[in-house]
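**Student:** Quick one: sequence and predicted model below, then my questions.
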Amino acid sequence: MEFAGREYSFAELDRRSNRLAHRWLEDGFRPGDRVAVYLKNCVELIDAYLAAVKIGLVFTPVNILYREREIAYILEDAEPRGIVVSREDEKLVLPGLRQLHEPYLYLVEDFYGLLRDCPSDPPPCPADAGTVAALIYTSGTTGRPKGAMLTHGNFAANARNLIESWRITAEDRLLLALPLFHVHGLGNGLHTWLAAGYRLRLLERFRKETILEEFLDFRPTVFFGVPTMYERLLAAPPETARRIGAFMRLFVSGSAALPARTLKRFAELYGHVILERYGMTETLMNLSNPYEGERRPGSVGRPLPGVSIRLGDPETGAAGEERDSGEIQIKGPNVFAGYWRRPQATAEAFTEDGWFRSGDLAVRSADGYYMLQGRRTELIITGGFNVYPREIEEFLEEQPEVAEAAVVGAPDPVKGEVPVAFLAPAGSARPEPEELERRCREHLASFKAPRRFFWVEKLPRNALGKIQRRRLPVPGKPAGGGVRG
């Protein structure tokens, strides 16, 4: 792999992580102990992950965008035996460490002085497929984050699935700009690299100013991204885009819905149809458009091998074979072991017959493609009619003046709630609300037309590009209460 201009062989990374694993054993770490990591993408983060899983520790990455209060919550909840952090960010984790019982603090700048005398031979590995490998905290877009317990078996099954489904081989080259604290970067990027043995260039983060140079210099064949990254890549000069498209094999998008017009414009510019897929923190990857075959705009494809999908009633969870719309429910070796120290939340997340309730709404086409309709908690019920925000958002994003749209429910004394829209402009033009409502009523049922429109400079998003609806100033709702749930 490559990082920051230096190359690392698998053998070197193996020795580095062995030394760290032995250090943790010397410091008294035991299987099941949590080790937290608050780091930007770097080779030391990979060292820490490999060392943890080799000796049965639970790797607990913390979102690098979190600040003191958020970090303290994660540390209090996970109770790690130690934490790895850079010297510049040490002050951010200290308030949270004071709540713990004598935790170890490891500064990455001091890592290799500490490890110099540690053995590099493989440590004893007590883990099996059912052992928890990582505690990944949900984004908390609808409440306090919960720690999802992902097992060694979950990660292995997911890597096998993606390698098979996306035709990944040791000849590929992955340019990875996704954060490794999230399952998209960790579960998809890092694990397919480890399993397939291809060449990896890891970036600290996605920088729009230099990303095209990274593509041209490294000449990857595979790129995993989120919609906002692909929007940035659309700014490439046509000749540059064609050069990149010539050596690329596969572009994959996830973590948020990819607008159909982005898919179309990207195909025209780069000569590639982005492959859109659907996954979750709790389940890793579930559905994917095919590598060979139709990559359908607005769809996340069909179930991956070994993953069972059914649609259930959004309220009761009841499912039947005849349903072609409802809440996505999942079974398979990819499904997590439950929420850390939250037995009630874990029980509520599963149906009585053992299917995980995703909270995501979808419709299934006659030929088995799934189209996401938003979150169950985002469902708007207006005058007795169900309104799925994503359908309205997709129409609004087709308007030339609109770059992005988010539709949420606002309280209404007569209808219970009504849809309202927040719009980020594509340029200087901003049509009047009456004009936007007229267009909606021409193409959508009248009850789906937003009753109010609000222009904002940009929509609030988390680190992976998901809209944080709770931060939208919805009329009639208290601050921070943008959606139900």
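**Tutor:** Looks like it arrived, so ask away.

**Student:** if you take the average position of this protein, which residue is closest to it?
**Tutor:** Centroid-nearest residue in the chain: residue 255, 4.1 Å away (criterion: Cα atoms, centre = their mean).

**Student:** Name the nearest residue to that residue, sequence neighbours excluded.
**Tutor:** Counting by Cβ to Cβ, 6 or more residues apart in numbering, residue 255 lies nearest to residue 464, which is 4.2 Å off, once chain neighbours are set aside. Backbone N, C-alpha and C define where each C-beta goes, glycine included.

**Student:** now residue 193
**Tutor:** Per Cβ to Cβ, 6+ apart, closest to residue 193 is residue 200, 4.6 Å.

**Student:** Provide the partner residues of the nearest residue to residue 188 once chain neighbours are set aside in its beta bridges.
**Tutor:** Sequence neighbours aside, residue 224 is the residue nearest to residue 188 in space, at 5.7 Å (criterion: Cβ to Cβ, 6+ apart). Beta-bridge pairing of residue 224 under DSSP bridges involves residue 252.

**Student:** From the opening residue of stretch 101-116 to its closing one, how far?
**Tutor:** Start to finish, the residues bounding stretch 101-116 are 27 Å apart (Cα to Cα, to the nearest Å).

**Student:** Show me what it is in contact with.
**Tutor:** Outside stretch 101-116, the residues that touch it by Cβ atoms under 8 Å, 6 or more residues apart in numbering are 16, 19-20, 23, 27, 39, 42, 44, 47, 80-87, 90, 93, 97.

**Student:** Which members of those residues occur in helices, if any?
**Tutor:** When DSSP state H is applied, these are split such that 16, 19, 20, 23, 44, 47, 90, 93, 97 fall in helices.

**Student:** Where does the prediction get shaky in this protein?
**Tutor:** 139-143, 321, 384, 478-485 (pLDDT under 70).

**Student:** Now with 50, please.
**Tutor:** Applying pLDDT under 50 to the chain flags residues 141-142, 479-485.

**Student:** Kindly report the domain assignment for it.
**Tutor:** 2-127, 379-471 (automatic domain parsing).

**Student:** Output the ones you listed in JSON lines; the columns should cover distance to residue 313.
**Tutor:** Below are the domains of the chain laid out as JSON lines (distance: least, Cβ to Cβ, whole Å):
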{"stretch": "domain 2-127", "distance to residue 313": "31"}
{"stretch": "domain 379-471", "distance to residue 313": "12"}
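
**Student:** Tell me which of those sits nearest to residue 353.
**Tutor:** domain 379-471 (23.3 Å; Cβ to Cβ).

**Student:** so how far is that closest one off the chain centroid?
**Tutor:** 23 Å (Cα atoms, centre = their mean, to the nearest Å).

**Student:** Make residue 1 into 836 and carry on from there
**Tutor:** All right, first residue 836 from here; so that's domain 1214-1306.

**Student:** my guess is residue 1272 contacts residue 1288, does it?
**Tutor:** Yes - Residue 1272 is in contact with residue 1288 according to Cβ atoms under 8 Å; the separation is 7.4 Å.

**Student:** Quick check on those two: which one has the bigger neighbour count.
**Tutor:** residue 1288 (22 against 18; other Cβ atoms under 10 Å).

**Student:** Ignoring the adjacent residues along the chain, who's closest to that one?
**Tutor:** residue 1268 is the one closest to residue 1288 (Cβ to Cβ, 6+ apart), at 4.5 Å.

**Student:** Make sure the one you found is actually in contact with residue 1290.
**Tutor:** No - contact criterion Cβ under 8 Å: residue 1268 and residue 1290 do not qualify, at 9.5 Å.

**Student:** contacting residues around residue 891?
**Tutor:** 865, 866, 867, 960, 961, 962, 966.

**Student:** which ones among the residues you listed are found in helices?
**Tutor:** Using DSSP H, none of the contacts of residue 891 sit in helices.

**Student:** Pull out the CA atoms of whichever strand or helix holds residue 1052 and give them to me as PDB.
**Tutor:** According to DSSP states H and E, residue 1052 maps onto helix 1046-1053. This file holds the C-alpha atoms of helix 1046-1053, laid out as PDB (Å, rounded to 0.1, in the frame of the first residue of the first chain):
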ATOM      1  CA  ILE A1046      -8.100  14.400  -6.300                       C
ATOM      2  CA  LEU A1047      -7.700  14.500 -10.100                       C
ATOM      3  CA  GLU A1048      -3.900  14.600  -9.700                       C
ATOM      4  CA  GLU A1049      -4.200  11.500  -7.400                       C
ATOM      5  CA  PHE A1050      -6.200   9.700 -10.100                       C
ATOM      6  CA  LEU A1051      -3.700  10.500 -12.800                       C
ATOM      7  CA  ASP A1052      -0.700   9.700 -10.800                       C
ATOM      8  CA  PHE A1053      -1.800   6.400  -9.200                       C
END
